[in-house]
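Novice: test case, fold it:
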Amino acid sequence: MNDKLQESAQYLKCCSDLETEAFKLYETFSKKINQPESCFVLGFAYDSLKCSKIIQGLLDYVEAPESEKPNVKKNFAELTNGVADLNKKIAKINNVDYELSCEILKELSNLEDQLTEAYSNYIQSPAIKTLVEEFSKMTANLTNFKKIFEGFMEQKQKHKENILDVLCFFETRETERLRRATPVVKYQNPNAWVLGSTLHNLNTPAQEST
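Specialist: Below is the predicted model:
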């Protein structure tokens, strides 16, 4: 495998690993909250798992090696590790209350943004053309190949919208519960929920590294 193809494949391998960690995080969180919100979150989990499996199928076709290019991996390592660490912390919590749920959902919204950015960087870079050339043996073309990742991006944006819907539901329920006890409820501004995340901002210079 030539260097360009290997770097392109490794970028996708990092995306697949991140989707796998996202699946685990969503699945863990879904077990900590009540219905019907847990059903939405579990659905997000299996969407991430599906993305990971699709990417792995592509990598199996090109027989991507297990070796990792440091300049590719370093752009994903902090975010992927951050997702894994958050999953471990949530797994240890018995009672996920309203405020903690909002904090977690804020992190998940940011994660969906980072995944969207990763796929956007990839389809705008020369890396995707390198992989398509390998797939040209089975008459794949660039336009159709890009649609796979554009579909992933649309899915992530839909996830973000649904996450904000769940946040609004939590806020409405909490407001009703506390309406006689306090005049102020946290997280009244939805735009504030997606700012200041503790997860690493994924700046993936795909055009440079691939």
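Novice: ok, longest helix in the chain?
Specialist: helix 142-178 (DSSP state H).
Novice: shouldn't residue 111 be in contact with residue 83?
Specialist: Yes. Shown here, residue 111 and residue 83 form a contact pair, counting by C-beta atoms under 8 Å, at 6.4 Å. In this view, the C-beta of every residue, glycine as well, is placed from N, C-alpha and C.
Novice: so if I had to pick from those two, which one is more boxed in?
Specialist: residue 111 (28 against 25; other C-beta atoms under 10 Å).
Novice: so where's this protein uncertain?
Specialist: By pLDDT under 70, the low-scoring segments of the chain are 1, 63-72, 136-141, 178, 180-210.
Novice: strands of this protein, residue ranges please.
Specialist: In the chain, no strands are defined using DSSP state E.
Novice: now do the helices in it.
Specialist: Using DSSP H, helices in the chain cover 3-30, 37-62, 70-91, 98-123, 127-135, 142-178, 206-209.
Novice: the longest one: which residues count as buried?
Specialist: Residues of helix 142-178 classed as buried: 145-146, 148-149, 152-153, 155-156, 159-160, 162-164, 166-167, 170-171, 174 (neighbour count, 16 or more other C-beta atoms under 10 Å).
Novice: over to the first one?
Specialist: If you call a residue buried by 16+ other C-beta under 10 Å, then helix 3-30 has these buried ones: 5-30.
Novice: please apply the same query to the third one.
Specialist: When neighbours are counted by 16+ other C-beta under 10 Å, the buried residues of helix 70-91 are found to be 72-73, 75-77, 79-80, 82-84, 86-87, 90.
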